[in-house]
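*Asks:* sequence unknown, structure follows:
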């Protein structure tokens, strides 16, 4: 039996994102899933920021113009990618 601590329902979504951090530079990646609380970004073999670091994330290729840049905190790292949590929740 697994221990599930998630507060938000996850939705599988493959969308291009640009993740930026001073230590790792700019990475073009894609999401594996998203929720109201954050996202899992697939990043196998990439040099990634440490848990607790804040990164800038921007959706790529959606709609007209550039998407906003949102601040997200690294809350999980595994061999397949990185778990991110919104720093400032929408509507809160």
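*Replies:* Great, that's in hand. Quantities reported herein were computed from a predicted structural model and do not represent experimental measurements.
*Asks:* tell me where the protein has strands.
*Replies:* Secondary structure of the chain (DSSP state E): strands at 11-12, 16-21, 25-34, 38-42, 54-59, 69-78, 81-86.
*Asks:* these: which one's closest to residue 48?
*Replies:* strand 81-86 (5.3 Å; C-beta to C-beta). C-betas here are computed from N, CA, C, even on glycine.
*Asks:* list the neighbouring strands of that closest one plus their orientation.
*Replies:* Strands that pair with strand 81-86, judged by DSSP bridges, come out as strand 38-42 (antiparallel), strand 69-78 (antiparallel).
*Asks:* how about those in CSV, adding mean neighbour count and mean pLDDT?
*Replies:* Converted to CSV, those look like this (neighbours: other C-beta atoms under 10 Å; pLDDT from 0 to 100):
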stretch, mean neighbour count, mean pLDDT
strand 38-42, 22, 95
strand 69-78, 15, 95
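*Asks:* nearest to residue 28, of the ones you listed?
*Replies:* That would be, of these and by C-beta to C-beta, strand 38-42, which comes in at 10.7 Å.
*Asks:* so that closest one versus strand 54-59, what angle?
*Replies:* Counting by axes from the mean of the first three to the mean of the last three C-alpha atoms, to 10 degrees, strand 38-42 points 80 degrees away from the direction of strand 54-59.
*Asks:* neighbouring contacts of strand 38-42?
*Replies:* Contact partners of strand 38-42, identified using C-beta atoms under 8 Å, 6 or more residues apart in numbering, comprise 8, 10, 17, 19, 29-34, 57, 72, 75-76, 80-86.
*Asks:* let's see 7 Å
*Replies:* 17, 19, 29-33, 72, 80-86 (C-beta atoms under 7 Å, 6 or more residues apart in numbering).
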